[in-house]
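>>> Prediction below, plus the sequence it came from.
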Amino acid sequence: MMGMPIYFIIIAFPCTVGAIALAVLHIYRHLLNYTEPTYQRYIVRIIFMVPVYALMSFLSLILPESSIYFNSIREVYEAWVIYNFLSLCLAWVGGPGAVVLSLSGRNLKPTWGLMTCCFPPIPLDGRFIRRCKQGCLQFVILKPILVTVTFVLYAKGRYEDGNFSANQAYLYITIIYTISYSLALYALALFYVACRDLLKPFNPVPKFIIIKSVVFLTYWQGVLVFLAAKSGFIKDAEEAAEFQNFIICVEMLIAAVGHLYAFPYKEYAGANIGGSRGFTGSLAHAVKLNDFYHDTVHQFAPTYHDYVLYNHNEGDEGTRKYRSRTFVPTGPEMDAVRKNKHMFGNKLDDIQLSSVSSSGTSSPKRSSTAQDSQNPEIMKSSLLMDTSNSYNVSYDMSLIDMDLSSYPSKVPAANEGGTR
């Protein structure tokens, strides 16, 4: 801290205090108006990124000898934000099952922009949604492991921030981290492109911009700053680290203001959809990690097709689970469903494709999304192509989420005539 310019502290301190104050006030207002817990749980976690980033960066600035610990906390939360943003997007469109039903029969066109130009079209089925979630979850899981390894190597003198020497672990950990980090952001980008039409009612563009700006730009900003130190543009790695922490303190004030516009609490104020939990109950719901635990176990479970179906209504009974050994149409069966829907009593029409709140009430913003996704003009301007008329396409419907309590436990087998 002796060689640090004093204006770093003079500027960084008010920016840090301002960013934390704005973010905490924003979170407080969301918790007071916690009418859509399904959405606001993820929103609160995302907004909390600002206090974590700002405080950890400022502590690293004034306590450089302990910066490795503060920076590690910041980077772990970075992974947490990416996962929660994907979960928020899935909640907006009604969950994985609604996405699969809405996009069934469509493929993602090969394009150089998504680096899929050399691959066949990607079916937008249950496997696609699962791969997107796995892409984000692997980063959330791997990051704490990398942090632990970093601490061990740091204690043994084999790790130094900004030291790209082949004899130091910083180079190798940075490479692993970059690959994992890039996969997570790539999975998020693929999901957004596939579900862009479904997400339109929720104005996702400013939200994607603020998340990508904070998470993506701050990471590469740090890499470039350390490379500048390696190239001699900055005196040394220590000065580069101070400069990076100073910039993040300033940027978090901008990010706090951006969150006010990207995730306004007024959208949920006075809705009275989810019922009042009180401030303490709302905070407890937002910080509980049970959703992450169940999601991780499910997404990486080897018995994936023995799918556990969740009723997302969190009433007095809590979450109810159903084992999916019931009829789930796939491949040729799904084609038969489309051609002969009346044979199934129009059960598919009863599936709610709208976004379901925690109280079971559909959000009014999703009333026309399913119809909009069928608009041929939208299809022409998007990267999706409709293959629903192709009878040789296999559709993976293993991600359908529905409440099976009103359906019989056994489904009669279809006879050769195609009726049940």
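It's in.
>>> got the contact list for stretch 130-140?
Stretch 130-140 has contacts (C-beta atoms under 8 Å, 6 or more residues apart in numbering) with 79-80, 82-83, 86, 90, 96, 180-181, 183-184, 186-188, 190-191, 292, 295-296, 299-300, 304, 399. The way it works is simple: take the backbone N, C-alpha and C, and place the C-beta from them, glycine included.
>>> can you point me to the longest helix in the protein?
For the chain, the longest helix by residue count, based on DSSP state H, is helix 126-155.
>>> before we move on, back to that, can you select the buried ones from the contacts of stretch 130-140 in PyMOL?
Only the buried entries of the contacts of stretch 130-140 go into this PyMOL selection, using 16 or more other C-beta atoms under 10 Å:
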select buried, resi 79+80+82+83+86+90+96+180+181+183+184+187+188+190+191+292+295+296+299+399
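>>> you'd agree F119 is in a strand?
No: read with DSSP: H, G, I helix; E, B strand; the rest coil, F119 is coil and lies in no strand.
>>> which phi and psi does it have?
Dihedral angles of F119 (phi, psi; degrees, to the nearest 10) stand at phi -120, psi 160.
>>> burial count for S213?
14 (other C-beta atoms under 10 Å).
>>> Check K266 too.
8.
>>> Spit out the contact partners of it.
When contacts are counted by C-beta under 8 Å, 6+ apart, K266 touches N33.
>>> mind checking the SS state of it?
Per three-state DSSP, K266 ends up helix.
>>> let's have the chain start at 840 instead
Got it, first residue is 840 now, which makes that one K1105.
>>> What does the pLDDT read for it?
Per-residue pLDDT puts K1105 at 88.
>>> how near is it to F897?
30 Å (C-beta to C-beta, to the nearest Å).
>>> Repeat that for I866.
19 Å.
>>> mind listing which of the contacts of stretch 969-979 are in helices?
Counted as lying in helices by DSSP H, out of the contacts of stretch 969-979, are 918-919, 921-922, 925, 929, 935, 1019-1020, 1022-1023, 1025-1027, 1029-1030, 1131, 1134-1135, 1138.
>>> N946 - that's part of a helix, no?
No: N946 is assigned strand when assessed by three-state DSSP, not a helix.
>>> does it have beta-bridge partners, and which?
Counting by DSSP bridges, N946 is bridged to P962, M1224.
>>> Number of residues surrounding it?
21.
>>> now swap in I984 and tell me
11.
>>> Report the contact partners of it.
Counting by C-beta under 8 Å, 6+ apart, I984 has no contacts.
>>> From V991, how far off is it?
Taking C-beta to C-beta, one finds I984 at 11 Å from V991.
>>> what's the answer for S1052, then?
From S1052 over to V991 (counting by C-beta to C-beta), the distance is 33 Å.
>>> And for R880?
Taking C-beta to C-beta as the measure, R880 and V991 are separated by 34 Å.
>>> neighbour count winner among the two?
More neighbours surround R880 than the other of R880 and V991, with 23 against 12 (other C-beta under 10 Å).
>>> so that one touches L1122, yeah?
No: using C-beta atoms under 8 Å, R880 is not in contact with L1122; the gap is 10.4 Å.
>>> what kind of secondary structure is the residue nearest to Y1009 when sequence neighbours are not counted in?
Excluding the flanking residues, the one nearest Y1009 by C-beta to C-beta, 6 or more residues apart in numbering is N1002, at 5.0 Å. What three-state DSSP gives for N1002 is coil.
>>> Please name the residues that touch N1002.
Y1009, L1010, A1076.
>>> now it: how far from V938?
Using C-beta to C-beta, one gets 44 Å for the distance from N1002 to V938.
>>> Report the rounded mean pLDDT for stretch 886-904.
93.
>>> contact partners of it?
840, 843, 847-848, 851-852, 854-855, 858-859, 861-863, 865-866, 869, 905-906, 909-910, 912-913, 916-917, 920, 1053, 1057, 1077, 1080-1081, 1084-1085, 1087-1088, 1091-1092, 1094-1095, 1098, 1102.
>>> Surely I968 touches A937?
No: using C-beta under 8 Å as the test, I968 is too far from A937 to be in contact (10.3 Å).
>>> Could I get the phi/psi values of the residue nearest to Y1009?
The phi/psi pair for N1002 (degrees, to the nearest 10) is phi -90, psi 100.
>>> Could you check how far it is from Y1011?
Remark: distance between N1002 and Y1011 (C-beta to C-beta) = 11 Å.
>>> and A1026, how far is that from E1078?
A1026 sits 35 Å away from E1078, going by C-beta to C-beta.
>>> just H869 next, same as before
Going from H869 to E1078 by C-beta to C-beta gives 39 Å.
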